[in-house]
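S.K.: sequence and predicted model, in that order:
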Amino acid sequence: MLYVLDLIGVGVFAVSGALAAGRKRLDLLGVVVLALVTAVGGGTLRDVLLDRHPLFWLVDPAYLSVIVGAALGTVVVVRLHRPPRRSLLFADALGLALFSIAGARVAEAAGLATVPVVLLGTVTGVGGGAIRDVLSAEIPLVLRRGNLYASAAIVGVLTYHLLALGGLPSDGAALLGVATIAALRFAAITWGLSLPEFTVGDEDAR
Amino acid sequence: MLYVLDLIGVGVFAVSGALAAGRKRLDLLGVVVLALVTAVGGGTLRDVLLDRHPLFWLVDPAYLSVIVGAALGTVVVVRLHRPPRRSLLFADALGLALFSIAGARVAEAAGLATVPVVLLGTVTGVGGGAIRDVLSAEIPLVLRRGNLYASAAIVGVLTYHLLALGGLPSDGAALLGVATIAALRFAAITWGLSLPEFTVGDEDAR
Amino acid sequence: MLYVLDLIGVGVFAVSGALAAGRKRLDLLGVVVLALVTAVGGGTLRDVLLDRHPLFWLVDPAYLSVIVGAALGTVVVVRLHRPPRRSLLFADALGLALFSIAGARVAEAAGLATVPVVLLGTVTGVGGGAIRDVLSAEIPLVLRRGNLYASAAIVGVLTYHLLALGGLPSDGAALLGVATIAALRFAAITWGLSLPEFTVGDEDAR
């Protein structure tokens, strides 16, 4: 089941990358490239940090097929219907939820303690989207105000990890973790929830 | 011959990094730093993704010598003559061609299948320039519209890989691959060729 | 002593990351995330390039505690007093000095030659700040004009490395190297020292 969730995560992040490419008016190959980088970025960062080789997308062709299919499918669907408002944000939220939990499970399998598990899960979840935003010359979603972004990932990964430690079957705990992250982000997007903001005055400007 | 092509690729990417630094009005050390990062970025990304250690520029001093020489040479030449228009783009195109093929050969030697070979070749070719552009706070060339950028790399790497699989001597196939990529990029720069563009309307704006 | 310097370096870079987050008006978790990335970025880049695993912050909980403490401490202190002008720049300068020398020592222990030692020390010193600036959508300090930034790191690392090769006890040489870098950066910030600038004319604009 981990594998299927992973493929779904890759697919929805590819959709978010393709939508971001459409907002920047890239050509068709730029769409596929940005979809690819978004979809494999978080998992690659996790595996490089953990020294897990060979990388999943280099040896399992299913990942690349799903990504290219999702990117081209997005182009076709957007040509037919205008995408719903905020579709990029919702695809991104689903990818964040799936990847954060997948990343946490890989970190658990590597024998890490709770805090590094939460951290690596979060890195896996936010990495691909952050690379997408940096390449598009935008401040990453994860850093933008009022998004409950990394916070959603951290709360969801902790939920999953503690439930699994507490004896819940791992797959069930994973689904609850995914649902927690997605629900928090959807709520944040829909109602504009946010954490308090931290401001340093202009006196500190360089 | 692979080694010589690699050094030439490193040199022309260093020139492109130095020219980019000049456009941002960096100081002399900034020029060398940006030249370095541009020149070793793609190959380093490739080697980290493939877990090939130690990294080439850490153990072979020839690379760093070529890079520093090319960067300082660029500064001197630009002081004497104004650079021809688009010199940055042409240096970048040559580096892209040389590095994409060099990356593909390394991926072949690692026993990867055709699609990952094409992908890693493209990553090697576009990586250094993308890092250069991100550090200069620009949208990477690879993502900009109307450039036939990643597309040129993909077509050229495929040409090389299929010719080599078909029995052509590897060095000959490599030269044809390099020529294909450089010719496509030069043509795209000169005549403004482009692939169709993909646009998502403002309704999707965050 | 290396370990204590490392923890101090992590702490001051976390402060600089938290201050950068305050300038971008991030929420509290964004502050912690940016502090984390700034604090572990340079060392992680160094360890991935050298293939040193497992990564220090994944296995030693002291690092994460220092970072989170420094980030939250910064938020509290800034609430109470306005930070002194340029506090971000000074925290960054101290982190640069401590990390460049720590990076050089790790590279020496890996048996590298002088030039790669200087290069990896510099990468370790500038890496975290560069990632902080890229994520904040700014041109990295290391590339900005008139900052003696990488230059300070290079001069200080060379000073340390040559003194240690010349027979000075390693800890003493390290302290002198750290002092050199910090002094050069503080002087550059206070009096606006700079190296000559390199400009390519508008004719080269893409």
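M.R.: Yes, it's here.
S.K.: show me the contacts for residue A:66.
M.R.: Counting by C-beta atoms under 8 Å, 6 or more residues apart in numbering or on different chains, residue A:66 touches A:7, A:10-11, A:14, A:39. Bear in mind the C-beta positions are built from the backbone N, C-alpha and C, glycine included.
S.K.: now it: which helix or strand?
M.R.: Here residue A:66 sits within helix A:61-80, counting by DSSP states H and E.
S.K.: for that helix, buried residues please.
M.R.: By neighbour count with 16 or more other C-beta atoms under 10 Å in any protein chain shown, helix A:61-80 contains the buried residues A:63-64, A:66-68, A:70-72, A:74-75, A:78.
S.K.: same question for stretch A:52-60.
M.R.: A:52, A:54-58.
S.K.: and these, which of them are in strands?
M.R.: Among these, the subset assigned to strands under DSSP state E is empty.
S.K.: now those residues as TSV including distance to chain C?
M.R.: As requested, the buried residues of stretch A:52-60 are exported to TSV (distance: C-beta to the nearest C-beta, whole Å):
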residue	distance to chain C
A:52	10
A:54	15
A:55	13
A:56	18
A:57	18
A:58	17
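S.K.: near chain B, which of the residues you listed show up?
M.R.: Taking C-beta under 8 Å from any C-beta of the partner chain as the test, chain B is in contact with A:54-55, A:57-58 out of the buried residues of stretch A:52-60.
S.K.: between those residues, which is closest to residue C:19?
M.R.: residue A:55 (35.5 Å; C-beta to C-beta).
S.K.: residues in contact with that closest one?
M.R.: Neighbouring residues of residue A:55 by C-beta under 8 Å, 6+ apart: A:40, A:44, A:47, B:49.
S.K.: these two touch, right, the first one and residue A:127?
M.R.: Translated: residue A:40. No. The criterion here is C-beta atoms under 8 Å, and residue A:40 misses it with residue A:127 at 9.6 Å.
S.K.: now residue A:136: how far from chain C?
M.R.: 10 Å (C-beta to the nearest C-beta, to the nearest Å).
S.K.: for chain A, which spans come out with low pLDDT?
M.R.: A:84-85, A:144-147, A:196-206 (pLDDT under 70).
S.K.: please enumerate the helices of it.
M.R.: A:2-23, A:28-50, A:56-59, A:61-80, A:87-109, A:114-135, A:150-165, A:170-191 (DSSP state H).
S.K.: out of those helices, which comes closest to residue B:23?
M.R.: helix A:114-135 (19.5 Å).
S.K.: give the buried residues for the closest one.
M.R.: Neighbour-count burial for helix A:114-135 [16+ other C-beta under 10 Å]: A:114, A:116-135.
S.K.: just those residues that are near chain B?
M.R.: A:134-135.
S.K.: span of stretch A:79-88 from start to end?
M.R.: End-to-end distance of stretch A:79-88: 16 Å, with C-alpha to C-alpha, to the nearest Å as the criterion.
S.K.: roughly how far out does stretch A:100-107 sit from the chain middle?
M.R.: How far stretch A:100-107 lies from its chain's middle: 12 Å, per C-alpha atoms, centre = their mean, to the nearest Å.
S.K.: check stretch A:72-80 too.
M.R.: Its chain's C-alpha centre and that of stretch A:72-80 lie 21 Å apart, by C-alpha atoms, centre = their mean.
S.K.: what about it, near chain B?
M.R.: Yes. Applying C-beta under 8 Å from any C-beta, one finds stretch A:72-80 touching chain B at A:75, A:78.
S.K.: residues in contact with the most centrally placed residue in chain A?
M.R.: By C-alpha atoms, centre = their mean, chain A has its centre lying nearest to residue A:96, at 2.9 Å. By C-beta under 8 Å, 6+ apart, the contact list for residue A:96 reads A:125-126, A:129, A:149, A:152-153, A:181-182, A:185.
S.K.: and if you look at residue A:102?
M.R.: So residue A:102 contacts A:2, A:5-6, A:9, A:43, A:124 (C-beta under 8 Å, 6+ apart).
S.K.: which among those count as buried?
M.R.: A:5-6, A:9, A:43, A:124.
S.K.: for chain B, give me its nearest residue in chain A.
M.R.: Relative to chain B, the nearest point of chain A is residue A:22 (3.2 Å; C-beta to the nearest C-beta).
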